[in-house]
Structure formats: C-alpha cells, structure tokens
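**Q** Would you be able to build a 3D model of this:
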Amino acid sequence: MTDATTGAPEGQVQPSVRVLAQYVKDLSFENPRAPASLQTRDANPKINIAVNVAAKPLAENDFEVTLTLDAKAGEENDIAFQTELQYAGVIRVAGMKPEHVQPFLLIEGPRLLFPFARQIVAEAVRNGGFPPLMIDPIDFVALYRRNLERAQQQHNATPVTN
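**A** Numbering: from 1, shown residues only. Model (predicted):
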C-alpha cells in the first residue's frame, strides 16, 4: 500500500528539506592599492577563486551549512582587490537515511546558498569600484568528490602508531 498524499509506501516518511535561515557570517573586501588600483589597466587582472563548504550539526535534524568564497584579483605584489564571504544557512533535513545526510548537505546545501552568495560578492566588488565579479556556477558534486578523495588520501597517508 502507498500513502495517497506522499506516494511513499505506508509507514515510510518522505524526506523533507527546509532552509530555516540564511545569513552572512563574515564578509570582507580589501582594495589595498586604492585609488591606483582603480585606474585604467592594460589588461584585466587574473582572478583566483577558492571555494569551500562545511556543515555542522546544530540539533537532531538542523545543520549549519557554510559556503566560503574567496576571490583575489591580481598577483601577490599587485593585488587589485580581495574579497572573502562566508555565507551560511540553517537547513532542516528530516526523513533521510543517515548516510545520505552529509552528501546532501555538502552538495545541495551550497547549491541552495550559492545564488545569494554570488550576488553578495558581485555587489561587494562593484561597491569597491570594480566591475561586478559574476562567479560562474560551481559543480558542487565535483567539489564534494574532490574533498572526499583528498580526505581519503590524507587518511591513507597518516602513519599508524602503536
């Protein structure tokens, strides 16, 4: 038998996800060479963007997911600007198998937060006197897999002591 309202087998709970809150945890923008950095350049500065995702439990079904975007324009001696954003959300996950919660939080959590974080970074850079930095969409599945592989390699490289 199936439940007519959810389509799930009777007695089985359908997974549910709710974003309870979204907020800026930390935002910084640096324009260390202003106003010289705002003058016309021969070429656009090279932009490096680092992305990180973390999740931590707050309650039985509530988790804080933090998306960190760190963007730097220019080279070490010639930084045009640097901005860092930690954007977080409280996400409630219910009815999900325990082994699926972490991948869900580290893949789908940042997908839900990214459009808002992208807009904040774009506005911070624009308010710093530069054209808005429109970060390309991020493949959070690939990021999750890369981080999982890195953690596995570190685990395998750790010497076992008795």
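**Q** What helix or strand is the most centrally placed residue in the chain located in?
**A** Residue closest to the average C-alpha location in the chain (C-alpha atoms, centre = their mean): Leu67, at 2.5 Å. With elements taken from DSSP states H and E, the one containing Leu67 is strand 62-75.
**Q** Buried residues in that strand, which are they?
**A** Phe63, Glu64, Val65, Thr66, Leu67, Thr68, Leu69, Asp70, Ala71, Lys72, Ala73, Gly74 (16 or more other C-beta atoms under 10 Å). For glycine as for every other residue, the C-beta is placed from the backbone atoms N, C-alpha and C.
**Q** Adjacent strands (with direction) for it?
**A** strand 47-57 (antiparallel), strand 78-94 (antiparallel) (DSSP bridges).
**Q** In the protein, where is pLDDT below threshold?
**A** 1-12, 41-42, 158-162 (pLDDT under 70).
**Q** Would you reformat the strands paired with strand 62-75 as a markdown table and include distance to Ala122?
**A** Compiled in a markdown table, the strands paired with strand 62-75 are given as follows (distance: least, C-beta to C-beta, whole Å):
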| stretch | distance to Ala122 |
| --- | --- |
| strand 47-57 | 12 |
| strand 78-94 | 10 |
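**Q** Return the most buried member of those strands.
**A** strand 78-94 (a mean of 19; mean count of other C-beta atoms under 10 Å).
**Q** Packing partners of whichever helix or strand comes after that strand?
**A** Per DSSP H and E, the first helix or strand lying C-terminal to strand 78-94 is helix 98-127. Under the contact definition 3 or more C-beta pairs under 8 Å, 6 or more residues apart in numbering; DSSP states H and E, helix 98-127 sits against strand 16-30, strand 47-57, strand 62-75, strand 78-94, helix 140-157.
**Q** What angle do helix 98-127 and the shortest one make with each other?
**A** On the basis of axes from the mean of the first three to the mean of the last three C-alpha atoms, to 10 degrees, strand 47-57 is oriented at 140 degrees to helix 98-127.
**Q** Contacts for strand 47-57 next, please.
**A** The contact list for strand 47-57, computed with C-beta atoms under 8 Å, 6 or more residues apart in numbering, reads 63-73, 102, 105-106, 109-110, 133, 135, 138, 140, 143-144, 147.
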